[in-house]
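Novice: Sequence first, then the predicted structure, then my questions.
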Protein chains: 4
Amino acid sequence: MTAMVTPHLFIPGPTNVPDAVRMAMNIPMEDMRSPEFPKFTLPIFEDLKKVFKMKDGRVFIFPSSGTGAWESAITNTLAVGDKVLMSRFGQFSVEKYADLTAKDTAHEIKAVFATHNETATGVSSDIAGVRKALDAAKHPALLFVDGVSSVGSLDMRMGEWGVDACVSGSQKGFMLPTGLGILAVSQKALDANKSLNGRMNRCFFSWEDMIKTNDQGFFPYTPATQLIRGLRTSIDLLNAEGLDNVFARHTRLASGVRAAVDAWGLKLCAKEPKWHSDTVSAILVPEGIDSNTVVKTAHYRYNTSLGVGLNKVAGKVFRIGHLGALDEFMIGGVLFAVEMALKDSGVNIKLGSGTGAAAEYFSKTATKSAMAKAA
Amino acid sequence: MTAMVTPHLFIPGPTNVPDAVRMAMNIPMEDMRSPEFPKFTLPIFEDLKKVFKMKDGRVFIFPSSGTGAWESAITNTLAVGDKVLMSRFGQFSVEKYADLTAKDTAHEIKAVFATHNETATGVSSDIAGVRKALDAAKHPALLFVDGVSSVGSLDMRMGEWGVDACVSGSQKGFMLPTGLGILAVSQKALDANKSLNGRMNRCFFSWEDMIKTNDQGFFPYTPATQLIRGLRTSIDLLNAEGLDNVFARHTRLASGVRAAVDAWGLKLCAKEPKWHSDTVSAILVPEGIDSNTVVKTAHYRYNTSLGVGLNKVAGKVFRIGHLGALDEFMIGGVLFAVEMALKDSGVNIKLGSGTGAAAEYFSKTATKSAMAKAA
Amino acid sequence: MTAMVTPHLFIPGPTNVPDAVRMAMNIPMEDMRSPEFPKFTLPIFEDLKKVFKMKDGRVFIFPSSGTGAWESAITNTLAVGDKVLMSRFGQFSVEKYADLTAKDTAHEIKAVFATHNETATGVSSDIAGVRKALDAAKHPALLFVDGVSSVGSLDMRMGEWGVDACVSGSQKGFMLPTGLGILAVSQKALDANKSLNGRMNRCFFSWEDMIKTNDQGFFPYTPATQLIRGLRTSIDLLNAEGLDNVFARHTRLASGVRAAVDAWGLKLCAKEPKWHSDTVSAILVPEGIDSNTVVKTAHYRYNTSLGVGLNKVAGKVFRIGHLGALDEFMIGGVLFAVEMALKDSGVNIKLGSGTGAAAEYFSKTATKSAMAKAA
Amino acid sequence: MTAMVTPHLFIPGPTNVPDAVRMAMNIPMEDMRSPEFPKFTLPIFEDLKKVFKMKDGRVFIFPSSGTGAWESAITNTLAVGDKVLMSRFGQFSVEKYADLTAKDTAHEIKAVFATHNETATGVSSDIAGVRKALDAAKHPALLFVDGVSSVGSLDMRMGEWGVDACVSGSQKGFMLPTGLGILAVSQKALDANKSLNGRMNRCFFSWEDMIKTNDQGFFPYTPATQLIRGLRTSIDLLNAEGLDNVFARHTRLASGVRAAVDAWGLKLCAKEPKWHSDTVSAILVPEGIDSNTVVKTAHYRYNTSLGVGLNKVAGKVFRIGHLGALDEFMIGGVLFAVEMALKDSGVNIKLGSGTGAAAEYFSKTATKSAMAKAA
């Protein structure tokens, strides 16, 4: 431990900010009403659409957080008293959703809520399946998806999956500090907003003024320009690596983590492989061990920030965030720290087993291009 | 003009970010659930109270903008249908307010809204006078003040003036990028919130969860940590100079600007001296001149960002923001650029008249301590 | 005055670092033996040749200062006891040089030293004239030029003028922090080095190892990578504006300063216009005034750093550096501060006369392209 | 591998720059002749003396590299033709040195050169032993020590060991970018300089002008102010952790690396434990393996920069630098990457063996204070 080294960050967000993004944000302020400003903002709106893989609609950038973007999605499309279908804690069964929407022949359900990646438990869900269920039931409900810990890290296909609102924030896959709520909405959601006619009280998160000013490249109130400058670079980095390569890297790194968990003889909170999240792993500690001890030990003894267990799994799981600007070395480092923290906390594991298993996985699957370069 | 030099920023916000603040924000991300985090956050809440000169109550920090802080103030204390007293465009007459609240013997008015410093017209208002009027009428209405372009630059005395909610943002007197809505509320406002019992729909801007988590040094959702790190340094800078010295500096610099306006033979939008804002001057251009031409000329020819006229005074005024991290040199620079832009736009002024008048003022009033040092 | 604002820097170097350059240097360290490193370094050597307008030869980058680059130029081409032609304090008369080299029919003079721009007195010299004199005398001496305060700001034509070594540093026209000595040498100088065969003791500044490793894109010892990263961006900025535009901008800004000096009724140290330096003006104060008082007053009262008078003109002149990343606004600011400092120091000048004269000059000569944009 | 993550730097310098140091260097330029400048520089000279544990003498800061500081040490104390005792490649036997100095009864040897830590082979040497040998022989030679890869990381006791000149650079234990040559010299060395009377040609690296100006807090030519600002913070960080704690941390981390090397069944270049360097480990690869392949594989496949083998051990060793701002996590990361690179390069090792052994060592020896905090 030394205060000279900034703690190693493996919470499921905020994530590490790449140096290029840090540089892009370390700038003097600018005039957000300058006639040059739209040349900067308008392409960002377009480029974000590609990150969300949208077919139509638009993207809003609020100076807020993902929570704010959620408030915007809801208050701009639904009215007080509207019935929605939503699961507790973000976990849901597609079968149950299919069943409930099929039964709702009166179409009382105005919106269906699904979480693409559930951060507390490390569970990924089948959004395409929800769409299929809605289509099978010919149900017109809006489909709202929480993509806070997925967009930019996992494949989000708003157009193909018929997602009507996808909520994201700056501090996860976009690898920025917290401060932007990024909300992508379909044309269907925009239409719903129009017919709603502003029945819910709102102002800051309203779409109407945003649309009017965004279309000119401006904002209805002072935007968080510094973060949007960072966002420009973040999108450029995602595109330079290639979105699909970014997703593949997340899968690869997550697989390394899961190999380590297996080797330790521990289990993930997400039981079936199809639910395994590629951005965060929630790991169950053995009976008799407090997962908070593991987190504290990693923090104070090994300068490593892990995620604690939340709500129902508090004390039972700890979480490793593995999203954003990460590579094999960093996964090796966190597994190394976690192994020691587990052992120090009384978990009976063999030191080197997890790092060894991850190394095995990474070494076997090193990409051909990287190998060719090294040859 | 050269692209090597960042445009000189003299809009009334965002303001220039001091180097120390830029440094403080150029940092890796951190865990906002770390056990060390409250040691950082709790003193900030306390120190902000001193900036607002509060007697009781608390300060909220939202990842938003001033507009968001306004939404928070309103939706947490008032219900739909509540009657309020508010002027258009932020300008109001204390006499009118006194009259209206005196007449409201039934106390139907739940809140009175006043703008401490009106940014579009460069008008400062007498908040102490509003308090006196309310007291004289024994009126229990909440007093809500817009301090967006005043707090940290002009003297805001929430305690003494009985202000119940004061709204501010990060990008003006706090000299930070946009992204924080800072809301200071009195105990009376907190009580109003409790008795309101959440009748207005809101979530992101709710006080209840904020209070619960802030008391522990945490936040209900991911805070804009990077900006709050900058805020720490910003408050330190304000305190190092001394709040009263900061205010005196703003008055001094504004007086230099006004001396130049006089010398040019032009008029301010704010007619009486008591209304002259020490953070922004809105300057009327002569008949037949479009103030937008002046702003564009300053921008494209002299790399200087001025504020345009808004709403009713569009085309008639241009604005010089003179708040935040500024000194005499910079005022000299902007007056120099404005003089040229005015002349180039067809205004008949003598070049050097404005800079000369401001220099005269600054030279005469240079502080003794600075003079002693130079001796 | 406020500590929130960094002092305004108008010494003749170090100069202001553009934001893009600051960003480019705010990076993690890198491996200077990485196989990727030459892809970064090799183009820099080539691009520097264009800045010096060389026909042949090469450029060395030492982790040192201009003084070090001078030591390198001398110790790698001359031997102890070699006769050279050099003026005191960098000022020289081309006629005298012509005379002395013409008389030296035995060619005992091995090298002729000239200063392109003399920083202490603000005097520019006619390097092309020195070349003509040498050619007329058919003298084979090496021509060594001090370009520390000229390269990147004034037109340096090594190839056309037959300059054999031109010394520069990072902290002037290259707009970087101090730390790089940049030495451009002709093929003739390289040949002189070879025939010298290392008779002077040196190691750090030796060319032999530099050449061997530079040719591969590496350095014989750890290079100042951070600054070289900044240099990459600095060269890019010079090229983006266009070298000739950069020179024209320096002439324009210097002309504004000289218009102010005239208006103040003061004189430059450099008497004839042909000697007027476009990067620094040394201004004589009236009898009975100590120029150090002006400098101190500007520093302590107006947060502005001017250059003091050095050597023979100490106390008699103060200097305004006007090179690097500067524009009209900043010139206006410094003239504003200087006017006040002059008046405060007892010089009888009319406030506004200098800024007015400069504004007059800038307004009249604003480029058409800037005007078109503003229209 | 992803370009979003800056390569992990484990060469034996430059080392990782702590965030606080990066911040301290990301500043506007300043006037190095400002009357305030000495308040900044003078304490640095004093504080550096404590880092070198000097009894008398002074420290010079050159805008150069360690190589330049060496040139300064030699050319300021010795004359051409002086006899010195020096080993090849920095490795030497104290016994041999004792023998040679004892035999030199005529005291022809003017200086004895020793390397505290030899970077190419990872060998630490017994400087106290050299002093003992010189004392035993009553030999008056100057003792010159290369501390480039030791000062700030290993215990350097100039006073106690009678070291007359110790050479260091900014980019190793001081955790800065390359660009400063830091030279600490004893009073005896300063006396030698005086009696030498400048017989060797030098200017840039001369002590005389440095002493004269440094005593006033200034420099004879433009100093590398940006790096010296960083140095201020670097020294502060070393003192905040405590020099002895910094040294203990280096020993601890190096021990972890050595445990891994043992577990891999590999050998260090430095055979005896007393020679094991705590700042760099040079690791021998098995016969038939090219160590450059290991380095390239780590670079291209695992984004990790290792040191290659130099000179006689090129192709036979690779090096892990473990000095500066490092902690257990980062050692875990590099061992993880090295394991994979070794395996990929054909070395028969068990993945997880090295990381496991290092984890074992770190876990066992975690400091009590860290454990108490975590409890």
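Specialist: Arrived safely, thanks for sending. What you see is a predicted model; the values in this text were computed from it and never measured.
Novice: For chain A, give me the ranges with low pLDDT.
Specialist: By pLDDT under 70, the low-scoring segments of chain A are A:89-90, A:198-199, A:367-375.
Novice: Nearest to the spatial middle of it, which residue is it?
Specialist: A:Ser149 (1.3 Å; Cα atoms, centre = their mean).
Novice: my guess is that residue is in a helix, correct?
Specialist: No - applying DSSP: H, G, I helix; E, B strand; the rest coil, one finds A:Ser149 to be coil, outside a helix.
Novice: Could you report the separation of it from A:Asn292?
Specialist: 21 Å (Cβ to Cβ, to the nearest Å). C-beta coordinates here come from the backbone N, C-alpha and C atoms, glycine included.
Novice: and what of A:Leu323?
Specialist: When A:Leu323 is compared with A:Asn292 (using Cβ to Cβ), they lie 22 Å apart.
Novice: Of the two, which one has the most company?
Specialist: Of the pair A:Leu323 and A:Asn292, A:Leu323 is the one with more neighbours under other Cβ atoms under 10 Å in any protein chain shown, namely 28 against 16.
Novice: could you list every residue that touches the closest residue to that one other than its chain neighbours?
Specialist: Nearest residue to A:Leu323 in three dimensions, chain neighbours excluded: A:Thr279, at 3.8 Å (Cβ to Cβ, 6 or more residues apart in numbering or on different chains). Residues near A:Thr279 by Cβ atoms under 8 Å, 6 or more residues apart in numbering or on different chains: A:12, A:117, A:119, A:149-150, A:153-154, A:172-173, A:250, A:254, A:321-323.
Novice: Can you see whether the lengthiest strand in chain A contacts chain B, counting any residue in it?
Specialist: In chain A, assigned by DSSP state E, the strand with the most residues is strand A:109-115. No - using Cβ under 8 Å from any Cβ of the partner chain, strand A:109-115 never reaches chain B; the gap is at least 14.3 Å.
Novice: which residues are in contact with that strand?
Specialist: So strand A:109-115 is contacted by A:74, A:77-78, A:82-87, A:90-92, A:97, A:100-101, A:125, A:127, A:130, A:134, A:139, A:141-146, A:164 (Cβ under 8 Å, 6+ apart).
Novice: ditto for stretch A:250-267
Specialist: Applying Cβ under 8 Å, 6+ apart, the contact partners of stretch A:250-267 are A:153-154, A:268, A:276-279, A:281, A:283-286, A:320, A:322-323, A:326-328, A:331, A:335, A:338-339, A:342, A:347, A:349, A:353-358, A:360-362, A:365.
Novice: Now, the residues you listed that are in strands?
Specialist: Checking the contacts of stretch A:250-267 against DSSP E, those in strands are A:Leu268, A:Ser281, A:Ile283, A:Leu284, A:Ile320.
Novice: what would the contacts of A:Thr279 look like in TSV with distance to C:Phe113?
Specialist: Output for those, formatted as TSV (distance: Cβ to Cβ, whole Å):
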residue	distance to C:Phe113
A:Pro12	65
A:Asn117	69
A:Thr119	69
A:Ser149	66
A:Ser150	67
A:Ser153	62
A:Leu154	66
A:Lys172	61
A:Gly173	60
A:His250	62
A:Ala254	66
A:Gly321	62
A:His322	62
A:Leu323	61
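Novice: quick one: which of these sit in helices?
Specialist: Residues of these located in helices (DSSP state H): A:His250, A:Ala254.
Novice: With adjacent residues omitted, what lies nearest to A:Ile127?
Specialist: Among residues not flanking A:Ile127 along the chain, A:Trp161 sits closest, at 5.1 Å (Cβ to Cβ, 6+ apart).
Novice: State the distance from the one you found to chain D.
Specialist: Using Cβ to the nearest Cβ, to the nearest Å, A:Trp161 is found at 26 Å from chain D.
Novice: burial measure for that residue, as a count.
Specialist: Other residues near A:Trp161 come to 22 when the count uses other Cβ under 10 Å.
Novice: Filter the contacts of stretch A:250-267 down to the buried ones.
Specialist: A:153-154, A:268, A:276-279, A:281, A:283-286, A:320, A:322-323, A:326-328, A:331, A:335, A:338-339, A:342, A:347, A:349, A:353-358, A:360-362 (16 or more other Cβ atoms under 10 Å in any protein chain shown).
Novice: ok, the residue of the stretch 51-200 of chain A found nearest chain B - contacts?
Specialist: As assessed by Cβ to the nearest Cβ, chain B sits closest to A:Pro177 within the stretch 51-200 of chain A, at 3.8 Å. By Cβ under 8 Å, 6+ apart, A:Pro177 lies in contact with A:Pro14, A:Val17, A:Met25, A:Ser170, A:Gln171, A:Leu227, A:Gly230, B:Met29, B:Ala224, B:Thr225, B:Gln226, B:Leu227.
Novice: How many neighbouring residues does the nearest residue to A:Val334 once chain neighbours are set aside have?
Specialist: In space, and not counting its chain neighbours, A:Val334 is closest to A:Phe10: 4.8 Å by Cβ to Cβ, 6+ apart. Neighbours of A:Phe10 under the rule other Cβ under 10 Å: 30.
Novice: quick one: secondary structure of whatever residue of the stretch 1-150 of chain A ends up closest to chain D?
Specialist: For the stretch 1-150 of chain A and chain D, the shortest gap (Cβ to the nearest Cβ) falls at A:Met4, measuring 4.1 Å. Put simply, A:Met4 is coil when judged by three-state DSSP.
Novice: Let me see the contact set for it.
Specialist: Contacts of A:Met4 by Cβ under 8 Å, 6+ apart are D:Pro18, D:Ala20, D:Met175, D:Leu237, D:Glu241, D:Gly324, D:Ala325.
Novice: Mind checking which of those residues are buried?
Specialist: D:Pro18, D:Ala20, D:Met175, D:Leu237, D:Glu241, D:Gly324, D:Ala325.
Novice: give me every residue that touches the last one.
Specialist: Meaning D:Ala325. Per Cβ under 8 Å, 6+ apart, neighbours of D:Ala325: A:Thr2, A:Met4, A:Val5, D:Thr15, D:Asn16, D:Val17, D:Pro18, D:Met175, D:Leu237.
Novice: could you redo the last one with a cut-off of 6 Å?
Specialist: Applying Cβ atoms under 6 Å, 6 or more residues apart in numbering or on different chains, we find D:Ala325 in contact with A:Met4, A:Val5, D:Asn16, D:Pro18, D:Met175.
Novice: leaving aside the residues next to it on the chain, what's closest to it?
Specialist: A:Met4 (4.1 Å).
Novice: Would you tell me which residues of the stretch 1-150 of chain A are close to chain D?
Specialist: A:Met1, A:Thr2, A:Met4, A:Val5, A:Thr6, A:His8, A:Pro18, A:Asp19 (Cβ under 6 Å from any Cβ of the partner chain).
Novice: how about a cut-off of 10 Å?
Specialist: Within the stretch 1-150 of chain A, the positions lying close to chain D (Cβ under 10 Å from any Cβ of the partner chain) are A:1-8, A:10, A:16-23, A:26.
Novice: Out of these, which sit inside strands?
Specialist: Using DSSP E, these in strands are A:His8, A:Phe10.
Novice: Touching, the residue nearest to A:Ile127 and A:Gly129? I think so.
Specialist: Yes - with contacts counted by Cβ atoms under 10 Å, A:Trp161 reaches A:Gly129, the gap being 9.2 Å.
Novice: Stretch A:129-144: end-to-end distance?
Specialist: 14 Å (Cα to Cα, to the nearest Å).
Novice: Report the buried residues of that stretch.
Specialist: Neighbour-count burial for stretch A:129-144 [16+ other Cβ under 10 Å]: A:Gly129, A:Val130, A:Arg131, A:Ala133, A:Leu134, A:Ala137, A:His139, A:Ala141, A:Leu142, A:Leu143, A:Phe144.
Novice: mind checking the SS state of the residue lying closest to A:Met29 once chain neighbours are set aside?
Specialist: Setting aside the residues directly before and after it, A:Met29 is nearest to B:Pro14 in space (Cβ to Cβ, 6+ apart), at 4.0 Å. Secondary structure assignment for B:Pro14 (three-state DSSP): coil.
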